[in-house]
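1. Below is the sequence, then the predicted model.
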Amino acid sequence: MTANATAPLNILVIDDETNVRRVLSMALEMDGHRTVGVGTVADALGENARQSFDLAFVDLRLGVDDGLDLIPGLLAAAPWIKVIVITAYASIDTAVEAMRRGASDYIPKPFTPAQIRLAVSKVFALRVLEQKLATLQEDLGRARPETDFSGTEPAMQRAVALARQAAESEATILLCGENGTGKTVLARAIHTWSRRADKPMGVVSCPGFSAELLESELFGHVKGAFTGAVHDNPGRVSLCEGGTLLLDEIGDLPLPLQPKLLRFLQDREYERVGDPRTLRADVRILAATNVNLEAAVREGRFREDLFYRLNVIPILVPPLRERPADIVPLAERLLAFFARSNHRSLPGFTDEARTLLTRYAWPGNVRELSNAVERAVILSRSDRIGPEGLGLAGPAGEPATKIGDPVPIDRIEELHIRRVLASAKSLQEAAEILGIDQATLWRRRKQYGL
C-alpha cells in the first residue's frame, strides 16, 4: 500500500512500549495516516472520547491491564471503530477471544510493515463499504428524479456549475432559495462531488429543535447533562467526522447557539453539553436558507460575523417558476419514476396538462411538483394524465381545492400552509401568521412534504 492507496485514516496506537508506539506510528504516518499514540487504558479511553478514530491498534498486555478488556470500552464510545490486536503472546484462544469482544483483526509480534499495511487496507475497504451501504440505504429511501440536474434553464445551470466547482474546495457553501427548490438535494450532490464523498454526510434541520436540543443534536451531550439524557450522545458533528454536515434552514438557528457554531467554523472546536472537555472535528459545513440572512442581520436575528463565515460561496437555487423550460421535462421524469414505483403504465401528460404545468406558479417548487405528479399517478384512471389529475386549476395557477369543497380538512390545512409559506419572508413570519410555533410548522411541513 502506498501513501495514496487509501484516504487518510485517524488511527489510535495503544501500546505500553514507547519504541513500538513510535515505530508503528511512523510507519502509519509514512503512508499518509494520522496517528495518536498512548500507553495506558485510561489514556486510550480519554483520546477515544475526545476525538473520532477509524482504527485502533491495541496491545494485548498494557502494563497490569489486559488489552482485551479495553476493546468493549472503545466500541461502546465509538461503534464504528475497527480494532486490531497486536501481541507478542499470540495464541488461538486469545485470537478467538479478541474477535468475540469485537476486534476485526489479530497480528502477532514481531510484525512487518507489509502486515500492518495489509491490515490497514482491509480496514479501509471495510469502512468504505459500510459508508457506501449507509449512503445507499438513505438514497433508496429518498430516491427521486429531481436529483437530476440536467435542466436547460441558465439560472439552474449556473447554480449547478458553481456547486461542482466549489465542491472540490473545503469552503463553506451557503445554499439560498425558496422552500422546495432542491437545496438539500444539491447539498448532497456537493458532498458526492467532493473529496469527502467516502465519508459520512449528515443533515440537521435547525427549526426542528429547541435551542437546547439543537445544541445536543449538533455537538452531543454526556449522560446526565439534562433531564432525559440517559446515555451519551456523540452528536452529528462527531458522527460526520471527515465528512459533511448540512445545517438546513440556518436562518432559524437560535441566537444563543450562533456563537458556538461560529467558533466551530473558525477553530473546529466544540464541547458536548455537560462535558467541559474541548473536542475537535474535521467536518465541512454546508448551510441552506430560505430567508434573507442579510435582512436577518439588520434585524438583529442573526450574527453578522456568522453570516460572513457562512457566506463564503453563496449559491442561489432558482424557484421552479423561473425555470419554465425545465418544468415539463422534470414532470415527465417524475411521471416515469412514480409509474414504475407504482407498477402503472402511463405514457405521459395530455397537451392541456403540459400547458397547465408550465403556467402554474408552483409556490412549493420542485417538491410541490413531485407531490402533484405522484398523486396523479396513484389516482389516475386514464392512459394519460390530464389537468384534472394534477389537482391544479387553470391559468390563474390557483389550487383547485377551495374551502367548502368535499375534501378532508388536512387538505385545506396543507393548501393554506403552502400559500402562507410562499408569501411569508421567513419561517418565523409564516408561523406567526398561522398562529403556531416554528416547531409545529416544521412538523406540518414534514407531514405534507412542503
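-> Okay, I see it. These numbers were taken from a predicted model, which means no experiment stands behind them.

2. The stretch 51-200 of the chain: helices as residue ranges?
-> Remark: helices assigned in the stretch 51-200 of the chain by DSSP state H, counting those that start in this stretch are 67-77, 92-100, 113-142, 154-167, 183-193.

3. rank those helices by pLDDT, which is bottom?
-> Among those, helix 113-142 carries the lowest mean pLDDT, at a mean of 73.

4. quick revisit: tell me which of the helices of the stretch 51-200 of the chain is the most buried.
-> helix 183-193 (a mean of 21; mean count of other Cβ atoms under 10 Å). Any C-beta I mention is one placed from the backbone N, CA and C, and that applies to glycine too.

5. which secondary structure elements does it contact?
-> helix 154-167, strand 173-176, strand 201-205, strand 244-248, strand 284-289 (3 or more Cβ pairs under 8 Å, 6 or more residues apart in numbering; DSSP states H and E).

6. now for these, which one comes closest to Glu269?
-> Ranking those by proximity to Glu269 (Cβ to Cβ) places strand 284-289 first, at 13.5 Å.

7. Run through who's touching that closest one.
-> Identification of contacts with strand 284-289 by Cβ atoms under 8 Å, 6 or more residues apart in numbering yields 170, 172-177, 183-184, 187, 190-191, 194, 196, 243-251, 264-265, 310.

8. Which PyMOL command selects the buried ones in the residues you listed?
-> Remark: buried members of the contacts of strand 284-289, expressed as a PyMOL selection using 16 or more other Cβ atoms under 10 Å:
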select buried, resi 172+173+174+175+176+177+183+184+187+190+191+194+196+243+244+245+246+247+248+249+250+251+264+265+310
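
9. Take the host helix or strand of Ala431, keep the C-alpha atoms, and write them as CSV.
-> When elements are assigned from DSSP states H and E, Ala431 belongs to helix 427-434. Taking C-alpha atoms only, helix 427-434 is exported to CSV below (Å, rounded to 0.1, in the frame of the first residue of the first chain):
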residue,chain,number,x,y,z
LEU,A,427,-40.4,30.7,8.6
GLN,A,428,-40.8,32.8,11.8
GLU,A,429,-43.2,35.1,9.9
ALA,A,430,-45.1,32.2,8.5
ALA,A,431,-45.5,30.6,11.9
GLU,A,432,-46.8,33.9,13.3
ILE,A,433,-49.3,34.3,10.5
LEU,A,434,-50.5,30.7,11.1
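
10. list the buried ones in the helix or strand just after that helix?
-> Heading C-terminal from helix 427-434, the first helix or strand you meet, by DSSP H and E, is helix 438-448. For helix 438-448, burial by neighbour count (16+ other Cβ under 10 Å) applies to Gln438, Leu441, Trp442, Arg444, Arg445, Tyr448.

11. Which two of those have the greatest separation?
-> Pairwise over these, using Cβ to Cβ, the maximum falls at Gln438 and Tyr448, 15.7 Å.

12. tell me the average confidence for the helix or strand containing Thr358?
-> Using DSSP H and E, Thr358 sits in helix 351-359. Within the predicted structure, the mean pLDDT of helix 351-359 is 91.

13. where does the chain dip in pLDDT?
-> Confidence mapping of the chain against pLDDT under 70 gives the ranges 1-7, 90, 131-148, 393-405, 407, 422-425, 449-450.

14. From Gly39, how far off is the most centrally placed residue in it?
-> Nearest to the geometric centre of the chain sits Gly202, at 2.0 Å (Cα atoms, centre = their mean). For Gly202, the distance to Gly39 (Cβ to Cβ, to the nearest Å) stands at 34 Å.

15. ok, back up a step: compute the inter-axis angle for whatever helix or strand comes next after the helix holding Thr358 and helix 351-359.
-> Sequence order places helix 365-379 as the next helix or strand after helix 351-359, per DSSP H and E. Counting by axes from the mean of the first three to the mean of the last three Cα atoms, to 10 degrees, helix 365-379 points 160 degrees away from the direction of helix 351-359.

16. from the middle of its chain, how far away would helix 365-379 be?
-> Taking Cα atoms, centre = their mean, to the nearest Å, one finds helix 365-379 lying 25 Å from the centre of the chain it belongs to.

17. picking up where we left off before, which helices and strands does the helix holding Ala431 pack with?
-> Secondary-structure packing of helix 427-434 (3+ Cβ pairs under 8 Å, 6+ apart): helix 409-423, helix 438-448.

18. Helix 427-434 and the longest one, what's the angle between them?
-> Note on geometry: by the same axes, to 10 degrees, helix 409-423 and helix 427-434 are set 130 degrees apart in direction.

19. Show me what counts as buried in helix 409-423.
-> Buried-residue list, helix 409-423, by 16+ other Cβ under 10 Å: Glu414, Leu415, Ile417, Arg418, Val420, Leu421, Ala422.

20. From Tyr448, how far out is the third one?
-> Taking Cβ to Cβ as the criterion, Ile417 is separated from Tyr448 by 7 Å.

21. Cheers, nothing more for now.
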